[in-house]
Structure formats: structure tokens, C-alpha cells
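Q: quick one, fold the following:
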Amino acid sequence: MERDNSLGYLISHLNVALQSELDARLKRYQLDIKLWPVLFALWQEEGITQTELSKRCDVANYTMTRLLDQLQQLDFIHRHQEADNRRAFQIFLTDNAKALEQDVIREAERVNQKWLCVLSSEEANQLIHLLHKVNRLEP
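A: Below is the predicted model:
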């Protein structure tokens, strides 16, 4: 198989380019690409536990602990200990993180648009649909 026909190579190549572009844009907000999935998940739903956040971001729990430590140092999140389970913490966004949401999401949308602009609107929707299908995700 040639690399130009390798799904893994093509996806990996695109992923590196997307992450590099988004990382450069996130630096303007004192963020980096590692923190993006966590913030994005919390903008979707805050108050979830660290364990649930780890699942949604597809990272190990100990990795999530480090990411949350970084976000807490940046004053973007705070942890709230659950009353019925002293080992479980709910994660909430600070006002600082909430204030960044629209700007940072706009940056991510610009990155998406940069890479999808070579496709028609129908092709872009089809690509997203097919990626959902291959990843076995709900569209």
C-alpha cells in the first residue's frame, strides 16, 4: 500500500496540520492544544466529574489530573468536591474561561474552514458524516 492510499497516513497528516494550526491560534490565549479538548468539553457541559471528562476527552485519568492542574493554575477551572463521594470532583469553568469561549471556538472554526474550503458545502458535510461513521460516533 502506498501512503497516498493509507487512511492512517492521510488522517494522521491532516491531524498534525490541524493541531499545529489550532495550537498556534490558542497560544494567543495562553492555551495549547492539549488543553483544547478539556475546555471544549466543559463548554459543552460543565459540572461533570473528572472521570467523565477523561472519557469524553479520551485520555487517562492521571493525564486529566495534570491537564486540570494546568487549567486551574490558569484560573480557567475550579474543582468542587462531591458531598457523597469525597474522591470525586465536579469540574466547573471560571468566569475567565467562560469569557474566552466564543473567541476560542471562533479560532477553531477558522481552522476547520481553512482546511474544508477546498470542498463544497455538500462535500464537507459528507466528510464529517463519513468520519462519524468510521469512528462509530453518533452524528
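Q: okay, CA-based contacts and neighbour counts for the rest of this
A: Noted.
Q: ranges for the helices of this protein?
A: Under the criterion DSSP state H, the chain contains helices at 7-26, 36-44, 50-57, 61-73, 95-116, 121-134.
Q: Gln81 is nearest to which of these?
A: helix 50-57 (10.7 Å; Cα to Cα).
Q: which residues of the protein score low on pLDDT?
A: Residues of the chain meeting the criterion pLDDT under 70: 85-86, 137-139.
Q: nearest residue to Trp115 in space, ignoring adjacent ones along the chain?
A: Nearest in space to Trp115, with sequence neighbours left out and distances taken as Cα to Cα, 6 or more residues apart in numbering, is Leu18 at 7.9 Å.
Q: if I look at the residue nearest the centre of the chain, how far off is Ser54?
A: Taking Cα atoms, centre = their mean as the criterion, Pro37 is the residue nearest the geometric centre of the chain, at 2.1 Å. For Pro37, the distance to Ser54 equals 10 Å [Cα to Cα, to the nearest Å].
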